[in-house]
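> missing the sequence, but the structure's below:
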């Protein structure tokens with residue numbers, strides 16, 4: 001029987017792959033026109049409004065002197081996760097991630113979907129038009145997400161098909177994705193590509209993408225349902241007849257695009273202590289926009305409810321004086337450490 005032996009939490013911010021403090025600070029020009037900014041109450045806002053409310057409260061943190069060490073801290077956390085993945089000798093990674101118009105679109109956005117093909121075909125759709133204006137060359141970002149060309153990586157169709165069938169039996173209406181359109185730029189997106197580039201030598205561990213619509217109303221998966229989903233996925237893995245060492249990954253988060261340390265620490269503390277009530281009860285209005293990806297962490301925390309959180313790292317990044325940025329989070333659950 002398959003065994004779920006580890007869980008991983010990893011932010012997938014552009015700041016993960018742009019490993020230069022000056023590039024981190026150049027996000028300010030992007031944030032000034034960002035269409036999905038929210039304040040710490042979860043309300044839609046603008047950079048100008050944050051500037052009016054916060055002034056330059058975070059000016060000291062939004063400096064090269066402060067952010068430089070955070071870049072190094074981020075690279076060290078990624079390197080540690082990569083070493084852990086290698087040591088765990090995993091046969092497959094099941095990745096909870098959201099789609100941001102790379103594979104799906106608003107005219108057909110499933111709340112929940114599983115990709116079940118033997119091959120994962122990465123998309124090349126340009127998500128970084130605003131980045132291009134400020135960064136000039138976005139090839140580094142595209143490579144970091146494995147979206148610089150039409151990469152093909154291994155999937156695990158038998159486990160994915162079993163997952164679809166088992167979730168259906170448990171009452172989940174699951175979209176099933178058996179491939180990508182021929183030609184064009186549509187394909188698997190950044191939430192899954194970053195796992196290939198950052199956690200392993202690309203293509204060495206098969207992936208099963210689990211698409212969770214955290215971002216886009218009106219059919220975002222409810223917070224408590226995300227917890228239930230993690231438990232259902234765990235049950236599906238453990239009922240798979242083939243002997244496999246399986247890891248689950250939460251791709252994305254934590255708070256962004258307004259950094260909210262209180263929320264992030266609340267989430268990580270609940271993950272550490274396996275506090276089901278706290279995880280189920282996270283206020284949905286705070287898990288919207290970029291912060292919605294915390295829902296993927298809730299699913300993985302539920303799947304790993306009897307695994308120990310071996311370590312975690314939290315880096316609250318304020319890339320502008322008004323408080324825009326991201327709470328970068330990294331974590332490992334394991335029964336072996």
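Here it is on my side, so go on. Bear in mind the structure is a predicted one, so any value in this text is a computation, not a measurement.

> for residue 220, give its distance to residue 115.
For residue 220, the distance to residue 115 equals 19 Å [Cβ to Cβ, to the nearest Å]. In this view, the C-beta of every residue, glycine as well, is placed from N, C-alpha and C.

> which one's more surrounded, the two?
residue 115 (26 against 21; other Cβ atoms under 10 Å).

> how close does that one get to residue 245?
20 Å.

> the stretch 151-300 of the chain: helices as residue ranges?
Applying DSSP state H, counting those that start in this stretch to the stretch 151-300 of the chain gives helices spanning 157-169, 190-199, 223-238, 261-273, 276-280, 294-303.

> with the stretch 1-150 of the chain instead?
Using DSSP H, counting those that start in this stretch, helices in the stretch 1-150 of the chain cover 14-17, 21-25, 27-31, 47-54, 64-88, 129-135, 139-144.

> rank the ones you listed by pLDDT, which is bottom?
Lowest mean pLDDT within the helices of the stretch 1-150 of the chain: helix 129-135, a mean of 64.

> coming back round to it: among the helices of the stretch 1-150 of the chain, show me which one is buried the most.
Of all those, helix 14-17 carries the top mean neighbour count, a mean of 22, counting by mean count of other Cβ atoms under 10 Å.

> that helix - contacts with which helices or strands?
Taking 3 or more Cβ pairs under 8 Å, 6 or more residues apart in numbering; DSSP states H and E as contact, the helices and strands that helix 14-17 lies on are helix 64-88, helix 139-144, helix 190-199, strand 325-334.

> how about CSV for the ones you listed, with distance to residue 102 added?
Below are the helices and strands packed on helix 14-17 laid out as CSV (distance: least, Cβ to Cβ, whole Å):
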stretch, distance to residue 102
helix 64-88, 22
helix 139-144, 12
helix 190-199, 7
strand 325-334, 19
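
> of all those, which one comes closest to residue 111?
helix 190-199 (15.6 Å; Cβ to Cβ).

> now do that closest one, average pLDDT.
Helix 190-199 comes out at a mean pLDDT of 97.

> show me what that helix is packed up against.
If you count contacts as 3+ Cβ pairs under 8 Å, 6+ apart, helix 190-199 packs onto strand 3-10, helix 14-17, helix 64-88, strand 92-97, helix 139-144, strand 207-212, strand 245-251.

> tilt between it and strand 3-10?
Relative orientation of helix 190-199 versus strand 3-10 (axes from the mean of the first three to the mean of the last three Cα atoms, to 10 degrees): 100 degrees.

> buried sites along helix 190-199?
Residues of helix 190-199 classed as buried: 190, 191, 192, 193, 194, 195, 196, 197, 198, 199 (neighbour count, 16 or more other Cβ atoms under 10 Å).

> what is the most widely separated pair among those?
The largest distance within those, taken as Cβ to Cβ, falls between 190 and 199 and amounts to 13.8 Å.

> how close does residue 239 sit to residue 232?
Using Cβ to Cβ, residue 239 is found at 11 Å from residue 232.

> mutual contacts of these two, please.
Residues touching both residue 239 and residue 232 by Cβ atoms under 8 Å, 6 or more residues apart in numbering: residue 166.

> which of these two has more neighbours?
residue 232 (21 against 13).

> quick one, what contacts the more buried one?
Residue 232 touches 166, 167, 170, 172, counting by Cβ under 8 Å, 6+ apart.

> low-confidence ranges in the stretch 151-300 of the chain?
Applying pLDDT under 70 to the stretch 151-300 of the chain flags no residue at all.

> thinking again about what came up before, dump the buried residues of helix 190-199 into TSV; add distance to residue 286 as well.
Converted to TSV, the buried residues of helix 190-199 look like this (distance: Cβ to Cβ, whole Å):
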residue	distance to residue 286
190	23
191	20
192	25
193	27
194	24
195	25
196	30
197	30
198	27
199	27
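
> between those, which is closest to residue 69?
Closest to residue 69 out of those is residue 198 (19.8 Å), distances taken as Cβ to Cβ.

> excluding chain neighbours, give the residue nearest to that closest one in space.
residue 78 (5.4 Å; Cβ to Cβ, 6 or more residues apart in numbering).

> was I right about that neighbour contacting residue 15?
No - using Cβ atoms under 8 Å, residue 78 is not in contact with residue 15; the gap is 11.2 Å.

> common neighbours of the two, please.
Here residue 78 and residue 15 share no contacting residue, scored by Cβ under 8 Å, 6+ apart.

> burial count for residue 149?
Residue 149: 9 neighbours (other Cβ under 10 Å).
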